[in-house]
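>>> Got a sequence here, can you model it:
(chains A and B)
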Amino acid sequence: MLKPGDPAPPFDLPCALDDKLTHLSLASIRSEIVVLFFYPRDFSFICPTEVIGFHKAQAAFKAEQTSIVGISVDDAETHRRWARELGGIGYPLLADEGGKVARTFGIFDEKQNVALRASFILDAKRTILYAVVSPTNVGRSVSETLRVVCALRSGKLCPADWEPGNDFGPTDAKY
Amino acid sequence: MAAPNPEENRRTFDRLANIREIVFGVQDGVLTTAGVLAGLSGAVSVRSQVILAALASTVAGALSMGAGAYLGRHAESAVLRSELDRVRRESADQPYVVQESLLDALAKEGLSRETGYRVVKLLSSSPNSLYSTAEEKIYGMTATTFGNAIVEGLLMGVAFLVGALVPLLPFVLIASVRTGLIAGLATTAITLFAVGYIFEGHLSGARQPSLAGLRFLAIALSAATIGYVIGLLIAPIGTVPAG
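Reported below is the predicted structural model:
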């Protein structure tokens, strides 16, 4: 699995966005930060809580100059139907059929043939700043992802349980 | 065509699920009693004593088999119900896990993931429907899994009793010990064949029910013969040398 400091592998994949089928490459994303979250499958009962959660928090992420990108091994048409099923998703769902991109990030489950529940936060140079993998049956915390984005953008040392608006720690300390 | 009646269908399956007790009981009753009659006829000269011993063996066997079936099923059901309660408690805490597991099970049966998702979502509107379907699809539990300990115990006991009467009645009705025994063994063989023919052949829709009958007869007689041979082999061990 890739770790903080590694360059994010480039990709150019079909995707579903705003009920349309299109393409998206990492290089074409203009935002300062990118949250790339892999999830196992469309039409499942844990993933939608994350997919919807990121959708609902999209404005908060946008305020932090952050784009959200979802990615799974489903094809783009399935993504489109899945997004419709969820009432519309405002960020792209990438179709990583066969899991090639998931493999380059080192988070492909060869037994299940799906991506692990992994999140990567990338900076402006598309270097990985943060990487985390959750167990398949435990959904990620959208608010925690946003908290980490805010902490990373602050450029300061943030103590444990730091929240946006809280004091930063002493500059001579490391956490 | 009349619409299928789920309750009637379920009762039919419950009845069919009890075939095990009937077959087991009859087979055991027939063979045990035939063995007792054959063994005692050679060792005891008084015919009435053979009959009394066989009757005692029959009653004891029927009670033992009935009680065994009841206790076995009762214990199994208690353990399974306890496990099921644990699963249900966990399911209530983590319904997503049940939904995902059920979705996987349906996908393995051939439903597309998208269709399976919609089915599980519909089932989720009624927790009882979701859990009962999940219990069947994920854990393989059905209504017949738990059975009815009392019914199964009674069936087993009665089946043993009926089976025991097969070799016993000719022995009681025919005055000659030797002829009675031969008639009893003949009815035993016919009954074993008939049980296999009816339950394994006819009711299961086999193409050649006769083969099922012969198979049943062969297995039952083989078991009896092996037991008899082992008895002959170990008999000298218990013999006290004269003098």
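
>>> how far is the lowest-mean-pLDDT helix or strand in chain A from where the chain is centred?
Across the helices and strands of chain A, mean pLDDT, DSSP states H and E gives its lowest value to helix A:47-56, namely a mean of 90. Distance of helix A:47-56 from the chain centroid (Cα atoms, centre = their mean, to the nearest Å) equals 11 Å.

>>> Can you name the residues in contact with that helix?
The contact list for helix A:47-56 (Cβ atoms under 8 Å, 6 or more residues apart in numbering or on different chains) reads A:35, A:37, A:39-41, A:61, A:68, A:70, A:72, A:82, A:86-91, A:93, A:117, A:139-140, A:142, A:145, B:96. Where C-beta positions appear, they are placed from N, C-alpha and C, glycine not excepted.

>>> So A:Ile128 lies in a strand, does it not?
Yes - the assignment for A:Ile128 is a strand, going by DSSP: H, G, I helix; E, B strand; the rest coil.

>>> what's the helix ranked longest in chain A packed up against?
If you go by DSSP state H, chain A has its longest helix at helix A:142-154. Helices and strands touching helix A:142-154, as assessed by 3 or more Cβ pairs under 8 Å, 6 or more residues apart in numbering or on different chains; DSSP states H and E, comprise strand A:33-38, helix A:47-56, helix A:58-63, strand A:117-122, strand A:128-134.

>>> right, and these - which one's nearest B:Ser101?
helix A:47-56 (14.7 Å; Cβ to Cβ).

>>> Next, count neighbours for residue 18.
You didn't say which chain, so I picked chain A. A:Asp18: 12 surrounding residues under other Cβ atoms under 10 Å in any protein chain shown.

>>> wrong one, chain B
Number of residues near B:Asn18 (other Cβ under 10 Å) recorded here: 18.

>>> which secondary structure element contains the residue nearest to it when sequence neighbours are not counted?
Sequence neighbours aside, B:Leu155 is the residue nearest to B:Asn18 in space, at 5.5 Å (criterion: Cβ to Cβ, 6 or more residues apart in numbering or on different chains). Of the helices and strands defined by DSSP states H and E, B:Leu155 is found in helix B:149-173.

>>> before we move on, the earlier item: next, the angle from the longest helix of chain A to strand A:117-122.
20 degrees (axes from the mean of the first three to the mean of the last three Cα atoms, to 10 degrees).

>>> what does helix A:142-154 contact?
A:32-33, A:35, A:37, A:50, A:53-54, A:56-57, A:60-61, A:64-66, A:119, A:121, A:123, A:129-130, A:158, A:162-164, A:168.

>>> Same question for stretch B:67-76.
B:Glu21, B:Gly25, B:Gly147, B:Asn148, B:Ala149, B:Ile150, B:Glu152, B:Gly153, B:Leu155, B:Met156, B:Gly157.

>>> What's the PyMOL syntax to select whichever of these are buried?
The buried residues among the contacts of stretch B:67-76 can be selected in PyMOL (16 or more other Cβ atoms under 10 Å in any protein chain shown) with this line:
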select buried, chain B and resi 21+25+147+148+149+152+153+155+156+157
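
>>> Redo the contacts of stretch B:67-76 as CSV? Include pLDDT and distance to B:Leu122.
Shown next, in CSV, are the contacts of stretch B:67-76 (pLDDT from 0 to 100; distance: Cβ to Cβ, whole Å):
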residue, pLDDT, distance to B:Leu122
B:Glu21, 90, 38
B:Gly25, 93, 43
B:Gly147, 78, 30
B:Asn148, 86, 32
B:Ala149, 90, 35
B:Ile150, 93, 37
B:Glu152, 92, 36
B:Gly153, 94, 40
B:Leu155, 94, 39
B:Met156, 95, 41
B:Gly157, 96, 45
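
>>> Of the contacts of stretch B:67-76, which is the nearest to chain A?
B:Gly147 (32.8 Å; Cβ to the nearest Cβ).

>>> residue ranges with poor pLDDT in the chain?
Reading this off chain A. Residues of chain A that meet the criterion pLDDT under 70 lie in A:137, A:171-175.

>>> actually chain B
Looking at chain B by pLDDT under 70, you get B:1-4, B:6-7, B:10-15, B:143-144, B:227-228, B:231-232, B:235-243.

>>> And the helices in it?
Counting by DSSP H, chain B has helices at residues B:6-17, B:19-43, B:47-93, B:95-108, B:113-123, B:127-139, B:143-146, B:149-173, B:177-195, B:209-234.

>>> Reformat these as TSV; add distance to A:Asp18.
Listed next are those as TSV, based on distance: least, Cβ to Cβ, whole Å:
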stretch	distance to A:Asp18
helix B:6-17	46
helix B:19-43	60
helix B:47-93	37
helix B:95-108	27
helix B:113-123	21
helix B:127-139	33
helix B:143-146	49
helix B:149-173	61
helix B:177-195	69
helix B:209-234	65
